[in-house]
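> Need coordinates for the following:
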Amino acid sequence: MILVSLGTQDRSFKRFLGAIEKQIVLGNIKEKVVVQAGATEFTSEHMEIFDLIPSNEFEKLLKECDLLLCHGGVGTIIDGLKHHKKIIAAARLSEYHEHQNDHQKQIIHEFVNQGLILELDDFDRLDQKLLEVQDFVPREYESNTPYFISILDNYIQNALKDHKGEYIRKFLYYGFYGIFAILLEILVFLVFQKASLNSFQFLFVQAFYVAIYRIIVHTIFFKTVPYDFKGELVFYSLQAIPILFTFFVSFPFLSLYCVLILAIARFFLVYLFNVLFKVRDIEL
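Sure thing, here's the model as predicted:
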């Protein structure tokens, strides 16, 4: 039996399960495959997939498995080593939005350098790694907690050094983005005012602006994870606040100050919903 563990991160790791599924279909994996998928949503007719397996049951599966396929989490790898299991580990990568950074590659490399595990760095070559692991004899694992703590500590210190000033840059980026968005809102209002459009016509102009704002402006300034329905629904709902306001309030009661307040309010509402409900994960 092959046990697959993707950890408890709140990000998907479909890329790994897709590679495993492919090898099952090709006949390169004939064993039973049990998966603890965590937050990864994946449907398969070839694997037994569970969101979270109770610790006692997971311990039992770990003892019974012939091979452990896992992400680059220290805890998962060490648990496998303690049970003298052959392990193939694959790192979650930031470029695929599987993690915030690539520290799992460094962790896996440390275990590989000690001859304890194998690394899967090319998912298209999992078949070759499955052949390699058959003859792989891992070194006997000796617990060395201080050593691995030092590895993680060095990584954290280097990451902080490499990203010095990142938080200031992000703050400035958000600030510029917010000001730019508000200026666009004012521009739309001035166009509306000068053109003497009625509420219905302005409703159309605002709807067009919202679409352009989302599709073009947001894409230019931010690198985002793939769109999800919930995120888009929340975004457009919040963007529609001025449109709904315009629909119910006639033009004479709208002023530049009113539009400015609505724009600022909407911007902070979008940010608040992003943080509270994680509907938009923005990475610079």
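> which SSE is the closest residue to Y96 other than its chain neighbours in?
Taking Cβ to Cβ, 6 or more residues apart in numbering, and ignoring the residues beside it in sequence, Y96 has R15 as its nearest neighbour in space, at 5.9 Å. In short, each C-beta sits where N, CA and C put it, glycine included. Remark: R15 resides in helix 14-25, with elements defined by DSSP states H and E.
> now what about the next helix or strand after that helix, what contacts it?
For helix 14-25, the succeeding helix or strand toward the C-terminus, using DSSP H and E, is strand 33-36. Surrounding strand 33-36, the residues in contact under the criterion Cβ atoms under 8 Å, 6 or more residues apart in numbering are 1-6, 17, 20, 24, 42, 46-53, 58, 61, 65.
> Please save the CA atoms from strand 33-36 in CSV.
Taking Å, rounded to 0.1, in the frame of the first residue of the first chain, the C-alpha atoms of strand 33-36 are listed here in CSV:
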residue,chain,number,x,y,z
VAL,A,33,-3.2,4.2,-2.7
VAL,A,34,-4.6,6.0,0.4
VAL,A,35,-4.4,9.8,0.4
GLN,A,36,-4.7,12.3,3.2
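> Just checking: what are the partner strands of that strand?
strand 2-5 (parallel), strand 48-50 (parallel) (DSSP bridges).
> Helices of the stretch 1-150 of the chain, residue ranges please.
Per DSSP state H, counting those that start in this stretch, the stretch 1-150 of the chain has helices spanning 14-25, 55-64, 74-82, 103-113, 126-135, 145-162. These are given in chain order.
> who wins for proximity to I212 among the ones you listed?
Comparing those by their distance to I212 (Cβ to Cβ), the top pick is helix 14-25, with 31.3 Å.
> returning to what we had before: just the buried ones from the contacts of strand 33-36, in ChimeraX syntax?
Restricted to the buried members of the contacts of strand 33-36, where burial is judged by 16 or more other Cβ atoms under 10 Å, the ChimeraX selection command reads as follows:
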select :2,3,4,5,6,17,20,24,42,47,49,53,58,61,65
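> What's the mean pLDDT across stretch 20-37?
For stretch 20-37, the mean pLDDT works out to 96.
> start to end distance for that stretch?
Between the opening and closing residues of stretch 20-37 lies a distance of 13 Å (Cα to Cα, to the nearest Å).
> Need the nearest residue in space to I87, chain neighbours excluded.
I87 sits nearest to I117 (Cβ to Cβ, 6+ apart), 4.1 Å away.
> Hmm, that neighbour is touching I88, no?
Yes. With contacts counted by Cβ atoms under 8 Å, I117 reaches I88, the gap being 7.1 Å.
> The two - which one has more neighbours?
I117 (25 against 21; other Cβ atoms under 10 Å).
> gap between the more buried one and H109?
In this structure, I117 lies at 10 Å from H109, with Cβ to Cβ, to the nearest Å as the measure.
> what do you get for V35?
When Cβ to Cβ is applied, the distance between V35 and H109 equals 25 Å.
> These two: who's more crowded?
Under the neighbour definition other Cβ under 10 Å, V35 and H109 were set side by side, and V35 has more, 24 against 16.
> residues contacting E31?
By Cβ under 8 Å, 6+ apart, E31 lies in contact with M1, I2, D66, L67.
> just the residues you listed now: which is nearest L187?
L187 has its nearest neighbour among the contacts of E31 in I2, at 58.3 Å by Cβ to Cβ.
> So the closest one sits against L67, correct?
Yes. I2 is in contact with L67 according to Cβ under 8 Å; the separation is 4.8 Å.
> bridging residues for the spatially closest residue to S5 that is not a sequence neighbour?
Once its chain neighbours are removed from consideration, S5 has its nearest residue in C70; the separation is 4.4 Å (Cβ to Cβ, 6+ apart). Judged by DSSP bridges, the bridge partners of C70 are S5, A89.
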